[in-house]
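Asks: All I have is the shape, not the residue letters:
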């Protein structure tokens with residue numbers, strides 16, 4: 001599984017700040033209890049003194065001395081618990097608590113980033129792509145926006161087709177795993193819900209902890225032109241690299257970019273490299289496969305047909321009604 005380095009760096013900074021705020025809150029909570037309960041403060045003071053004695057005795061004393069000090073400390077802990085319960089608090093209210101019981105607030109485990117850090121990372125990643133994702137999610141998809149009247153051209157109901165495409169997208173997102181390869185080719189007329197479903201796939205994949213990179217074809221090919229002449233900024237270089245290395249790439253609105261002699265070989269390279277690394281890809285376009293073969297090349301069309309599941313959406317332009325847009 002890959003991570004976006006810039007987003008992860010921001011997540012780590014945010015994570016450290018959250019741990020700091022938590023620890024500050026714990027100190028304030030402890031101070032408030034000790035201030036409200038003078039007897040508890042006395043017991044805690046005695047426990048502190050015993051801890052110092054225990055450390056010194058462990059180095060220079062006998063095992064019997066260590067045992068007696070520990071017994072005294074246990075008795076004081078029990079007394080502190082009684083005082084807290086009498087005050088209506090949990091008896092272990094002064095016990096130090098970690099921000100995360102798994103990693104103790106470090107954000108790391110032996111296997112890599114802890115789930116608590118990955119939660120922050122996912123929040124940051126969703127925020128990064130917020131302008132693409134909007135409110136799109138499988139939960140918000142509106143089937144009623146599609147007609148249930150059979151299309152004379154496709155001999156099928158737009159709603160029935162939408163239900164099938166929705167199920168395929170939702171299942172792909174649910175079962176997505178890095179290095180599984182494959183992907184989806186979402187195509188159809190303008191405003192039929194292609195980008196909505198692609199964004200829903202991206203949101204679900206990110207929620208599941210994987211790196212989905214969402215970029216429009218216009219932006220991708222503009223980055224390619226800058227990369228060709230070495231003019232990418234640091235941020236743009238990251239976006240460019242993510243298109244090739246992310247766990248999942250969503251390339252939206254393919255065919256809307258200005259036509260260029262470089263487009264076909266670049267698109268073929270992108271699809272080829274992602275296929276060789278077994279990275280998932282979702283293409284969104286108003287073009288048919290025949291139109292893709294004509295605009296780019298038969299080789300590009302063949303790559304798409306061989307790697308991506310063909311999903312066609314039909315119907316009226318939903319943007320006019322504000323549905324699934």
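Replies: Structure received. Everything numeric in this text was worked out from a predicted model, so none of it was measured. Numbering: from 1, shown residues only.

Asks: can we go C-alpha only for contacts and neighbour counts from here?
Replies: OK.

Asks: so where do the strands sit in the stretch 201-325 of the chain?
Replies: For the stretch 201-325 of the chain, the strands defined by DSSP state E, counting those that start in this stretch occupy 212-216, 248-254, 280-285, 309-313.

Asks: Is it possible to get TSV of those that adds mean neighbour count and mean pLDDT?
Replies: Shown next, in TSV, are the strands of the stretch 201-325 of the chain (neighbours: other C-alpha atoms under 10 Å; pLDDT from 0 to 100):
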stretch	mean neighbour count	mean pLDDT
strand 212-216	23	96
strand 248-254	24	97
strand 280-285	25	98
strand 309-313	19	97
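
Asks: got those as JSON lines, with distance to residue 150 columns?
Replies: Output for the strands of the stretch 201-325 of the chain, formatted as JSON lines (distance: least, C-alpha to C-alpha, whole Å):
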{"stretch": "strand 212-216", "distance to residue 150": "32"}
{"stretch": "strand 248-254", "distance to residue 150": "27"}
{"stretch": "strand 280-285", "distance to residue 150": "23"}
{"stretch": "strand 309-313", "distance to residue 150": "13"}
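
Asks: looking at the ones you listed, which is closest to residue 50?
Replies: strand 212-216 (54.0 Å; C-alpha to C-alpha).

Asks: Please tell me how far residue 254 sits from residue 8.
Replies: The gap separating residue 254 from residue 8 is 29 Å, by C-alpha to C-alpha, to the nearest Å.

Asks: show me where pLDDT drops low in this structure?
Replies: Across the chain, the ranges flagged by pLDDT under 70 are 1, 61, 319-325.

Asks: Residue 25: neighbour count?
Replies: A count of nearby residues for residue 25, using other C-alpha atoms under 10 Å, gives 12.

Asks: Helix or strand for it, just tell me which one.
Replies: Assigned by DSSP states H and E, residue 25 belongs to helix 5-36.

Asks: Tell me which helix or strand comes right after that helix.
Replies: helix 38-60.

Asks: Show me which residues of that next one are buried.
Replies: In terms of neighbour count (16 or more other C-alpha atoms under 10 Å), helix 38-60 has its buried residues at 40-41, 43-44, 47, 50, 54, 57.

Asks: And stretch 301-319, by the same measure?
Replies: 301, 304, 307-318.

Asks: out of these, who's nearest residue 171?
Replies: Out of the buried residues of stretch 301-319, the member with the shortest distance to residue 171 (by C-alpha to C-alpha) is residue 309, at 12.2 Å.

Asks: domains for this structure, by residue range?
Replies: 5-108, 129-320 (automatic domain parsing).

Asks: just to revisit the earlier point, can I get the buried residues of helix 38-60 in a markdown table with distance to residue 103?
Replies: What follows is these, written out as a markdown table (distance: C-alpha to C-alpha, whole Å):
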| residue | distance to residue 103 |
| --- | --- |
| 40 | 30 |
| 41 | 30 |
| 43 | 30 |
| 44 | 27 |
| 47 | 27 |
| 50 | 29 |
| 54 | 28 |
| 57 | 31 |
